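A.B. asks: just a sequence and a predicted model for now, questions to come.
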Amino acid sequence: MKQWLSTPAAILYLMTGDWERAAAIDNYDPDQRPFCCALALTRVTFSAAVSRRELTASLATMFDRDRPYEVGEAWLSQLLRQGEARARARRVMSDDFADIDPADFPNLAPRGNDLVRAGTEIVAWYGVAVSGADLEAARNALQPGLAPGSSAVAESAVAAADVAVYRTGLPGKPTSWHLLEMECRRRYAAGECHPKVAEWARVLIAWLRSAHPSAPPPTEKTARNKLSPLLRELKADRPR
């Protein structure tokens, strides 16, 4: 058993109980770990040769599989906030490697293997490592003998986390941006095109209301502001 796992590897272990596959995630470039983890949870084969663009496009398949990455992320966030899983990381600015106080977690949100100030993209800690022993104890306490990869994992995880997959980690601030982002990426990769950002926003908000009626829809203005940089990124990455 590995003593400490990166955030994506910790999520993969929580959802599958597979130590070997979870530890393998840590052999990837840190920027690719969340994508590889999501692909592993959807049972999509991944390798070091898979490009970031391919990984990103394939993330859309998550939402056909009960959103396991989001559920695992919510579960892990709850464990960290409650002090049931120890975590270490490096502080931005000082670069000191230290234990993270559980009292700090309500103000933090995971982004890959970093922790950002909730509601922002400002990195507060990077290179997060979570105690493997604590993760194993949390998973065993959830349901002793839980079969790795069983559908009961996601159901039990949601109940244990007691938090919707639409929340950022900042109390009172639900979000559905991650759903809009992945659907936008999926549609763009499939060749869908709209001449204006506003049209993308209207189409995606309509999709959200239909596909995820429990998710809080953003205003059209908020959606436009977030979609603009995403669409520029997708356009820049498109092969010429």
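C.D. replies: Now that the structure is in, tell me what you want to look at. Keep in mind it's a predicted model, so treat the numbers as computed, not measured.
A.B. asks: partners of whichever strand or helix holds A129 in the sheet?
C.D. replies: Taking DSSP states H and E as the definition, one finds A129 inside strand 123-131. Sheet pairing here is set by DSSP bridges, and for strand 123-131 it gives strand 4-6 (antiparallel), strand 87-91 (antiparallel), strand 114-117 (antiparallel).
A.B. asks: now it: mean pLDDT?
C.D. replies: Taken as a whole, strand 123-131 has an average pLDDT of 90.
A.B. asks: tell me how far it lies from the chain's centre.
C.D. replies: Here strand 123-131 is found 14 Å from its chain centre; the criterion is C-alpha atoms, centre = their mean, to the nearest Å.
A.B. asks: thinking again about what came up before, can you lay out the strands paired with strand 123-131 as TSV showing distance to A189, mean pLDDT and mean neighbour count?
C.D. replies: Just so you know, the C-beta spots here come from the backbone N, C-alpha and C atoms, and that holds for glycine as well. Shown next, in TSV, are these (distance: least, C-beta to C-beta, whole Å; pLDDT from 0 to 100; neighbours: other C-beta atoms under 10 Å):
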stretch	distance to A189	mean pLDDT	mean neighbour count
strand 4-6	26	92	22
strand 87-91	33	91	18
strand 114-117	25	83	20
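A.B. asks: I'd like those as CSV, with distance to D134 appended.
C.D. replies: Shown next, in CSV, are those (distance: least, C-beta to C-beta, whole Å):
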stretch, distance to D134
strand 4-6, 10
strand 87-91, 9
strand 114-117, 17
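A.B. asks: quick one, which of these is nearest to R187?
C.D. replies: strand 114-117 (26.4 Å; C-beta to C-beta).
A.B. asks: contact partners of the closest one?
C.D. replies: 89, 100, 107-110, 122-128 (C-beta atoms under 8 Å, 6 or more residues apart in numbering).
A.B. asks: would you map out the domains in this protein?
C.D. replies: Using automatic domain parsing, the domain ranges for the chain come out as 4-161, 177-237.
A.B. asks: from those domains, which stretch is densest packed?
C.D. replies: domain 4-161 (a mean of 18; mean count of other C-beta atoms under 10 Å).
A.B. asks: where does the chain have low pLDDT?
C.D. replies: Scanning the chain for pLDDT under 70 picks out 1-2, 42-68, 119, 142-174, 214, 238-240.
A.B. asks: remind me, longest helix of this protein?
C.D. replies: Ranked by residue count and defined by DSSP state H, the top helix of the chain is helix 220-237.
A.B. asks: K226 and L179 touch, don't they?
C.D. replies: No: here K226 does not reach L179: they are 11.8 Å apart, not a contact under C-beta atoms under 8 Å.
A.B. asks: so what's in contact with the two at the same time?
C.D. replies: With C-beta under 8 Å, 6+ apart, K226 and L179 have no common neighbours.
A.B. asks: and the helices in this structure?
C.D. replies: So, for the chain - with DSSP H - the helices run 7-16, 19-25, 33-41, 52-58, 68-81, 132-142, 151-161, 177-189, 197-211, 220-237.
A.B. asks: which one of those lies closest to M93?
C.D. replies: Checking the helices of the chain against M93 by C-beta to C-beta gives helix 7-16 as the closest, at 20.3 Å.
A.B. asks: by contact count, what packs against the closest one?
C.D. replies: The helices and strands touching helix 7-16, judged by 3 or more C-beta pairs under 8 Å, 6 or more residues apart in numbering; DSSP states H and E, are helix 19-25, helix 33-41, helix 68-81, strand 123-131, helix 132-142, helix 151-161.
A.B. asks: rebuild these as a markdown table, extending it with distance to A198.
C.D. replies: Converted to a markdown table, those look like this (distance: least, C-beta to C-beta, whole Å):
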| stretch | distance to A198 |
| --- | --- |
| helix 19-25 | 38 |
| helix 33-41 | 29 |
| helix 68-81 | 27 |
| strand 123-131 | 31 |
| helix 132-142 | 44 |
| helix 151-161 | 34 |
